[in-house]
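**Student:** show me the folded form of this:
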Amino acid sequence: LERQLVLQNLMRERQTAMQIAWTREFLKYFGTFFGLAAVVLTTGAIKRKNPAVLLPILPLSFVFSYHYDVGYGTLLQRIKG
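**Tutor:** Residues are numbered from 1 along each chain as shown. Model prediction:
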């Protein structure tokens, strides 16, 4: 029984590590997309003189912040306990 608990704990730790690794990898690509989108949308808002063009940055920033928190921030520490 004790061996089974140890194996379950090891499996859970590996699964958590895999999720964190996936999030960090996703963050690399999404961060690039977010940065590029922010530059393009800002340029478009300046050229068109319409600040409403910047609205898509808001939900993208929430997604970016969440994934950063999972991969590198305090959520990672809360998961580890």
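**Student:** pull the number of nearby residues for V70.
**Tutor:** Using other CB atoms under 10 Å, the number of residues around V70 comes to 20. C-beta here means a position set from N, CA and C on the backbone, and glycine is covered the same way.
**Student:** would you agree it is in contact with I20?
**Tutor:** Yes. Between V70 and I20 a contact is recorded at 7.1 Å, counting by CB atoms under 8 Å.
**Student:** next up, phi/psi of L55, please.
**Tutor:** phi -60, psi -40 (degrees, to the nearest 10).
**Student:** what mean pLDDT does stretch 46-61 get?
**Tutor:** Averaged across stretch 46-61, the pLDDT comes to 96.
**Student:** what's the answer for stretch 9-22, then?
**Tutor:** Mean per-residue pLDDT for stretch 9-22: 91.
**Student:** please apply the same query to stretch 73-81.
**Tutor:** On average, stretch 73-81 scores 72.
**Student:** check the gap between the residue nearest to the spatial centre of the chain and P56 for me.
**Tutor:** Nearest to the geometric centre of the chain sits H67, at 1.6 Å (CA atoms, centre = their mean). From H67 over to P56 the distance is 17 Å, taken as CB to CB, to the nearest Å.
**Student:** same deal with M11?
**Tutor:** Taking CB to CB, one finds M11 at 40 Å from P56.
**Student:** cool, G73 as well?
**Tutor:** G73 is 23 Å from P56, where distance means CB to CB.
**Student:** do Y29 as well
**Tutor:** Computed with CB to CB, the distance linking Y29 and P56 is 18 Å.
**Student:** looking at those two, which one has more neighbours?
**Tutor:** Set side by side, Y29 and P56 show unequal neighbour counts under other CB under 10 Å, the larger going to P56 at 12 against 9.
**Student:** how many residues are close by the closest residue to the more buried one other than its chain neighbours?
**Tutor:** In this structure, P56 finds its nearest non-sequential neighbour in L41, 6.3 Å apart by CB to CB, 6 or more residues apart in numbering. Neighbours of L41 under the rule other CB under 10 Å: 16.
**Student:** leaving out sequence neighbours, find the closest residue to the residue nearest to the centre of the chain.
**Tutor:** L27 (5.0 Å).
**Student:** that's all I had, so thanks and see you.
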